[in-house]
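> Please work out how this folds:
(2 chains)
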Amino acid sequence: MENNKLSETTKEEIKQIDSRATSVNLFGRVMHYAGIYAVALMFLLAGIVLQSLGIINNFLTTQNMVNILDAVSMLGIVAVGMAFVTYSGQFADLSVPTTMALTGIVAVQMLQYGFLPAIIAAVLAGLLIGLINAVAIGKYKANPIIWTLAVNYVTLGVIRLVWVNKQIYPDMIAKTQRASDLFDAIYRLRFFNKIALPLILLIILVVFLNFIMKKTKYGMQLKITGSAQKAAKFTGINTEKIIGITFIICALTATLAGLTITSLSRVGAWYNGTGYDFKAVTAIVIGGMTLAGGRGSIIGVLGGVLIIGLMNNIMTLLGVGTFSQDMIRGFIFILVVGINAKSLRSMGRDDA
Amino acid sequence: MPNHYEVWGVTMLKKNINKASLLTFADKNRIYILFNFVFLFMTLLAPRFFNVFNLTTIMRTLAMNATVAIGFTIILIIGQIDFTIGTVVTLSGIIGLGLKEYIGFGGSVPVAILAGGLIGLINGLLVAKAKIVSFIVTLGMMTILQGAIYTFTGGNTISLSSDDAFAVSDWLSNMIFPLVTPRVLITLVLVTAATIFMKKTRTGRNFYMLGGNKHTAWLAGINTDKYTIAAFILSGVMAAIGGVFFAMESAAATLNMGTSSLMYVISATIIGGTAMSGGKGGVFKTFVAIMMLDVLYNGIILFGLGNEVKIFIAGFILASVVLYEAYAIYKHEKIVGQRPELLKELEKVQ
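This next block holds a predicted model:
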């Protein structure tokens, strides 16, 4: 009884002392509890309202929803992988665009030996870039932004040197029709005539990577490493290895996305994947993962990806031009991060 | 016999010249050594490299990026990053040429530079006051500006064809001294002024302090917010100056004229020895790095090699420098706190 009373008063006192916790603005609290899906729901509602007012058509149809998911599945695959890098406190992996291009072009080149060798070669190429990043950033602590930018440039140079500025086409390289068809199917295979393979891949990745991040020993160590790298090191965590692995995960998901985008465009070229680095960062950060590391979740990142998809879809249906869409996206990007940072600060968790 | 050597203005005592100190010296001045090496290499081997015409071409090519890099170096020195420089270059070129019809160059150039400053101000306010990471702010701002540029120009190149515009363009590209055109002169003056400002004035040195340790700088009475905002404004203004004069000289502003600037300026600044962690580096070193990269590119083209070789080598140099710096810190951290004399004693005891 006595004990209970004490805890009651303590709770009251804590509430009074930590008045910062109650000064959170409403939006911040909603963001905190319902996560990013509240925002996604807001966009969905906005779409429905716009449709009911007759401003846009065909928003709430199965086909449109499938289209939205299709459009963002590749971005999602990249983002959930890169989320690990952000979560570990290493900002972002800017070598993703050329990783996608390289794995794609390697796969197309190797199609002459069949479908399976092509996939294996692509994965090996992706793994190589991941390993290079892992050693340089994990072990030698190179600055992640600058290093991955440099790797991006080097890989671009390698692609353009080896293939001498040429594009290569899977149906011309492949010796058998079967290999070429299989490669085409990576993007075009649809289950139940609706759900595309990249979307399935994305769902599998989200479930699998979320499990790794939240339930495994590696995930726990990653969280500590991301929150406070030095503290993690002093508790005996091999932070070099933990950070290195995040870059390998990122390179592997970029490989998947690279194969998908090459299969979609039916051409292996150096420009495949351009822009996916910043798009993925946008999705990750809108999804509530902070650049300081150690905060956020894969599910949140998926929410960020969905928001980008919904936003693009609604704006396109409204007839907003591509470049005006860029502007609006930039505004929302800064706004969301600003509100998120502000609410985190007002809750006494001071970091960006 | 003198007991010291004077090398590049640095006095070295003779007795101190042993292997270790030479290495430190080489490391501190590596960008000058690198530049001299590349320049000598090209002079000796590249066909038609060492003549006034080619060297002037190099100077004219680097003038824009060298100006942009001044601001970016200051941004890196205070430990932030600015991705908007490329789009500010484009935007200022478009404003400078686009408004010329209405208010003449006398009005449009200041407006373009002010626009650059305004973007810097917004970036700075968002970073310093709203406390959003500069990576995010400038990334978002870059997307916004790109959209704005395409929306307002409708995707068209802005080009001038009136006689007086061509007169200005001709004047800007005329040689006034060997190697120096008016646009190059503007760049050189800005680089010199910025170097003196950053090294010799209290305000300039405060930027270093802010980058070295923000908290200490605050405790020392520096208004950190003000300096952060000032750095972003400088970055915007410098990018705008680089862009608008470049556009005036070519009498055309294309929509992607600044796209390659970002990567180029980041590489040069890092290769020049300005650390991304802040507090280190200098404007002049960045300028030398830009000269080195441009001499290298020029030589590659003179050798008859293509763009792909250029990209590969640029990336390779950047990667090597980043890895080298990281490795140096890694090695330093391994031995920091160790006392060799105690270790020796320990060996004796055992």
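
> Over stretch A:122-131, what's the mean pLDDT, rounded is fine.
For stretch A:122-131, mean pLDDT rounds to 96.

> Could you give me the buried positions within that stretch?
Of the residues in stretch A:122-131, A:122-123, A:125-130 count as buried by neighbour count, 16 or more other CB atoms under 10 Å in any protein chain shown. In this view, the C-beta of every residue, glycine as well, is placed from N, C-alpha and C.

> Kindly report the same for stretch B:181-193.
Result for stretch B:181-193 [16+ other CB under 10 Å]: buried residues B:181-184, B:186-188, B:190-191.

> Next to chain B, which bits of the stretch 251-352 of chain A? Give me the list.
Along the stretch 251-352 of chain A, the residues adjacent to chain B under the rule CB under 8 Å from any CB of the partner chain are A:278, A:281-282, A:285, A:291, A:321-331, A:333-334, A:337-338, A:341-342, A:345, A:352.

> Those, buried ones only, as a ChimeraX selection?
What follows is the ChimeraX syntax for the buried subset of those, where burial is set by 16+ other CB under 10 Å:
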select /A:278,281,282,285,291,323,324,325,326,327,328,329,330,333,334,337,338,341,342,345,352
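
> Of the residues of the stretch 251-352 of chain A next to chain B, which belong to helices?
Judged by DSSP state H, helices contain the following of those: A:278, A:281-282, A:285, A:322-331, A:333-334, A:337-338, A:341-342, A:345.

> Going by neighbour count, which residues of stretch B:51-67 are buried?
Neighbour-count burial for stretch B:51-67, counted by 16+ other CB under 10 Å, picks out B:54, B:56, B:58-67.

> average pLDDT across it?
91.

> wait, does that stretch contact chain A?
No: counting by CB under 8 Å from any CB, chain A is not contacted by stretch B:51-67; separation bottoms out at 15.7 Å.

> How many residues are close by B:G79?
Neighbourhood size, B:G79 [other CB atoms under 10 Å in any protein chain shown]: 21.

> same check, this time on A:I224
So A:I224, with other CB under 10 Å, has 17 neighbours.

> How about B:L172: what's its closest non-neighbour residue?
Distances taken as CB to CB, 6 or more residues apart in numbering or on different chains put B:E249 closest to B:L172, at 4.3 Å, once the chain neighbours are dropped.

> again, but for A:I243
Leaving aside its sequence neighbours, A:I243 sits nearest to A:G138 (CB to CB, 6+ apart; 4.3 Å).

> right, and B:V295 touches B:M59 too?
No: counting by CB atoms under 8 Å, B:V295 stays clear of B:M59, with 10.4 Å between them.

> so A:I56 sits right up against A:T316, yeah?
No: A:I56 sits out of contact with A:T316 when judged by CB under 8 Å, with a separation of 9.4 Å.

> Looking at the two, which one has more neighbours?
A:I56 (21 against 15).

> how about that one, phi and psi?
phi -120, psi 160 (degrees, to the nearest 10).

> List the contacts of it.
Residues counted as contacts of A:I56 (CB atoms under 8 Å, 6 or more residues apart in numbering or on different chains) are A:47, A:50, A:314, A:317-318.

> okay if I get those residues as TSV plus secondary structure and neighbour count?
Converted to TSV, the contacts of A:I56 look like this (DSSP: H, G, I helix; E, B strand; the rest coil; neighbours: other CB atoms under 10 Å in any protein chain shown):
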residue	secondary structure	neighbour count
A:G47	helix	21
A:L50	helix	16
A:I314	helix	19
A:L317	helix	17
A:L318	helix	14
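
> Show me which of the residues you listed is closest to chain B.
A:L318 (15.1 Å; CB to the nearest CB).

> pLDDT weak spots in chain A?
Along chain A, the model assigns pLDDT under 70 to residues A:1-35, A:348-352.

> So which residue is dead centre in it?
Centroid-nearest residue in chain A: A:A79, 0.9 Å away (criterion: CA atoms, centre = their mean).

> The stretch 51-200 of chain B against chain A: which residues are in contact?
Contact residues (CB under 8 Å from any CB) of the stretch 51-200 of chain B with chain A: B:81, B:126, B:130-133, B:135-137, B:139-151.
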